[in-house]
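J.: Sequence below, structure please.
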Amino acid sequence: MVRRAYAHDAVVAIHDGASANALGGAITIALCGHWDHPPPCPLAPHHTATFPSGETVTLRVLFATEPANERRVRLLITEALASGQLTGPDGQLTTWQLQSAAAGMVRPDEREHAAQLIAH
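T.: Residues are numbered from 1 along each chain as shown. Sure thing, here's the model as predicted:
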């Protein structure tokens, strides 16, 4: 089956000084088993962009997967963010609270990136 590109949007509350990178790490662990793995991502090649603003971080996750796996991937992303914490490779615990998560649409300016994810 051919992969398609999807987008998932979320907003979390994160403590000042905490690393927004932990959010992407949590998603990668949920989708790939660990943040440090050889390519390609087994279930869904993905990219997480974080946009911090004070104590809020908006996330935009682009991913590519077979249509039959779309729901599963979205659930894994949401569950990873709902877990509310991750201990990073430096041993620092980052905590957050999921405020919202929902399916998004791949925007025209993301189509090239989405095509790259599909190809992996």
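J.: what about the strands in this structure?
T.: With DSSP state E as the criterion, the chain has strands at 4-14, 46-53, 56-65, 85-87, 93-104.
J.: Could you provide those strands in TSV, with additional columns for mean neighbour count and mean pLDDT?
T.: C-beta coordinates here come from the backbone N, C-alpha and C atoms, glycine included. Formatted as TSV, these follow (neighbours: other CB atoms under 10 Å; pLDDT from 0 to 100):
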stretch	mean neighbour count	mean pLDDT
strand 4-14	19	97
strand 46-53	16	94
strand 56-65	21	97
strand 85-87	15	93
strand 93-104	15	96
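J.: Surely Gly84 is in contact with Thr95?
T.: Yes. Using CB atoms under 8 Å, Gly84 makes contact with Thr95 at a distance of 5.9 Å.
J.: For Ile29, which of the strands of the chain is the nearest?
T.: strand 85-87 (7.5 Å; CB to CB).
J.: in its sheet, what does that closest one sit against?
T.: In the sheet, strand 85-87 lines up against strand 93-104 (antiparallel) (DSSP bridges).
J.: Strand 56-65 and the partner strand, what's the angle between them?
T.: Strand 93-104 runs at 60 degrees relative to strand 56-65, counting by axes from the mean of the first three to the mean of the last three CA atoms, to 10 degrees.
J.: chain center to strand 93-104: distance?
T.: Strand 93-104 sits 10 Å away from the centroid of its parent chain (CA atoms, centre = their mean, to the nearest Å).
J.: outside of it, which residues touch it?
T.: With contact meaning CB atoms under 8 Å, 6 or more residues apart in numbering, strand 93-104 is reached by 6-15, 18-19, 22-23, 56-57, 60, 74, 77-78, 81-82, 84-88.
J.: what about Pro108, neighbour count?
T.: Using other CB atoms under 10 Å, the number of residues around Pro108 comes to 7.
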